[in-house]
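# Below: sequence and its predicted model.
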Amino acid sequence: MKKTLNVLFSFLAVTLVSSALFADTYAATASADSNGIYALGAAIAIAIAAAFGALSQSKAASVALEGIARNPGAASKVQTPMIIGLALIESLVIYGFVIAILLLGKIPNVPA
């Protein structure tokens, strides 16, 4: 758990520091600042959705397979709820993807 938190905080630190390093202070305007916020929000939304969706799906599949391994006779009773649960978890990831696409749609085309 500590290793996962260290990786997560390291990723956030690198993301926040790199955006400040590559910022163009001379050409920054109010619309450019909000464009960066939308882009960052979209990136964070899809990253969190994908990461925690994958973790929860792996945990659900692991627990279901452990249950089937302990009682092979219950495989038919465990498999259907597991697949439904995995589909519901995946739908949450798709919602995160849709939110990221909607956030990216708010960024207007800025001429160079």
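On my side now, so go ahead. Numbering: from 1, shown residues only.
# starting at the chain centroid, how far to the longest helix along the chain?
Under DSSP state H, the helix in the chain containing the largest number of residues is helix 30-70. Per C-alpha atoms, centre = their mean, to the nearest Å, the displacement of helix 30-70 from the mean C-alpha position of its chain is 3 Å.
# In the next helix or strand after it, which residues are buried?
Using DSSP states H and E, the helix or strand that follows helix 30-70 towards the C-terminus is helix 75-105. For helix 75-105, a neighbour-count test (16 or more other C-beta atoms under 10 Å) marks 78, 82, 85-86, 89, 93, 96-97, 100, 103-104 as buried. In this view, the C-beta of every residue, glycine as well, is placed from N, C-alpha and C.
# If you count contacts, what does the longest helix of the chain end up packed against?
helix 2-21, helix 75-105 (3 or more C-beta pairs under 8 Å, 6 or more residues apart in numbering; DSSP states H and E).
# From what I see, Gly85 and Ala61 are in contact.
No: when contacts are counted by C-beta atoms under 8 Å, Gly85 is not listed as touching Ala61 (9.2 Å).
# Point me to the residue sitting farthest from the middle of the protein.
Of all residues in the chain, Gly73 has its C-alpha farthest from the mean position, at 36.0 Å, by C-alpha atoms, centre = their mean.
# Sounds good, over and out.
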